[in-house]
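J.: Build me a structure from this.
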Amino acid sequence: MAIKLGELKSIVIRLLSDEVDPDVVTSVTGKTTSAALLRDSIHAGLKAILPWAWKPQTFVIPATTTVLELPTDLYRVEGVYDDALASYLNELVMSAGYAQASDSGNAWLEYPDGYLTFLTELEDGGTLYYSARWAEPTLDDEEIQAPAICTPGIAFYAASYCLLPKALSTGTLGQYKMKVDSGVPTDNPIMDMSNAFMKRFELEMSRIAGKSRGVKS
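T.: Residues are numbered from 1 along each chain as shown. Prediction:
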């Protein structure tokens with residue numbers, strides 16, 4: 001069963017040794033961790049898991065297309081299928097001294113930014129196979145679409161993210177340390193905690209089996 005944003009925010013709050021504020025009924029928030037920071041941290045975590053877990057997605061390419069505007073949720077292109085050729089196209093690699101050509105007679109190039117350009121027109125259209133970013137929910141009752149196996153990793157990443165503002169404040173105050181027993185100005189235990197959560201994130205994600213990428217030239 002998919003976890004909801006509010007439930008994941010509660011997990012992050014507990015990781016931070018915070019408590020859910022019972023006086024706030026409009027959104028799940030901690031007593032010391034704001035709802036906005038929790039939301040931002042989880043959104044950042046959903047982006048951070050993409051190298052391990054992405055959303056497989058397709059997009060229909062219209063006929064007579066030479067330049068395709070890529071979907072807004074695209075993370076990376078996996079493959080392009082040409083209906084006229086009934087085969088996948090090669091990705092064109094820019095290389096000095098080589099002509100702009102392909103064995104199949106057509107190829108694609110992710111250029112300029114946000115667009116897919118073909119050597120020749122896709123007369124009958126085709127299909128774009130791509131890795132998409134996960135939707136970023138804003139309401140507590142919205143579900144997290146990412147696989148449940150990624151939930152611990154997202155929570156650890158979010159906890160690390162939430163500690164950064166406090167670490168910044170601690171670092172700013174640290175420059176005024178004068179007493180010997182107060183430590184050196186570079187001591188920042190909150191940043192150390194943030195880094196520890198980030199290491200936990202990396203360990204959790206390393207447990208996930210790698211997925212196969214799309215068609216490659």
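
J.: quick one, domains of this protein?
T.: 5-53+135-206, 55-132 (automatic domain parsing).

J.: what about the longest one, how long is it end to end?
T.: Its start and end residues considered, domain 5-53+135-206 measures 23 Å (C-alpha to C-alpha, to the nearest Å).

J.: how near is the nearest residue to Ile3 once chain neighbours are set aside to Ile13?
T.: Closest residue in space to Ile3, ignoring its immediate chain neighbours: Ile144 at 5.3 Å, by C-beta to C-beta, 6 or more residues apart in numbering. For the C-beta atoms, the positions are set from N, CA and C on the backbone; glycine is no exception. Ile144 sits 16 Å away from Ile13, taking C-beta to C-beta, to the nearest Å as the criterion.

J.: Ala159 now?
T.: Distance from Ala159 to Ile13, by C-beta to C-beta: 9 Å.

J.: between those two, who's got more neighbours?
T.: Ala159 (28 against 23; other C-beta atoms under 10 Å).

J.: Now do the same contact list for the more buried one.
T.: Val12, Leu15, Leu16, Ser41, Phe197 (C-beta atoms under 8 Å, 6 or more residues apart in numbering).

J.: cutoff 7 Å now
T.: Val12, Leu15, Leu16, Phe197 (C-beta atoms under 7 Å, 6 or more residues apart in numbering).

J.: Identify the residue nearest the residue most central in space within the chain in space, chain neighbours excluded?
T.: Centroid-nearest residue in the chain, with C-alpha atoms, centre = their mean: Lys47, separated by 1.4 Å. Spatial nearest neighbour of Lys47, chain neighbours left out: Arg133 (6.7 Å); criterion: C-beta to C-beta, 6+ apart.

J.: Low-confidence ranges, the protein, go.
T.: Applying pLDDT under 70 to the chain flags residues 1, 97-104, 170-186, 215-217.

J.: where exactly do the helices run in it?
T.: 5-15, 35-48, 151-174, 189-206 (DSSP state H).

J.: Reformat those helices as a markdown table; add distance to Val60.
T.: Below are these laid out as a markdown table (distance: least, C-beta to C-beta, whole Å):
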| stretch | distance to Val60 |
| --- | --- |
| helix 5-15 | 31 |
| helix 35-48 | 26 |
| helix 151-174 | 31 |
| helix 189-206 | 32 |
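
J.: before we move on, the earlier item: got phi/psi on the residue nearest to Lys47?
T.: In terms of degrees, to the nearest 10, the main-chain angles of Arg133 are phi -80, psi 150.

J.: Look at it and say how many residues are nearby.
T.: Arg133, neighbours per other C-beta under 10 Å, totals 18.

J.: Test my guess that it contacts Arg76.
T.: No. Using C-beta atoms under 7 Å, Arg133 is not in contact with Arg76; the gap is 10.0 Å.

J.: any idea how far Trp108 is from Gly126?
T.: Gly126 is 10 Å from Trp108, by C-beta to C-beta.

J.: Show me the common contact partners of these two, please.
T.: Val80.

J.: Identify the residues contacting Pro147.
T.: Ala53.

J.: Great, nothing more from me.
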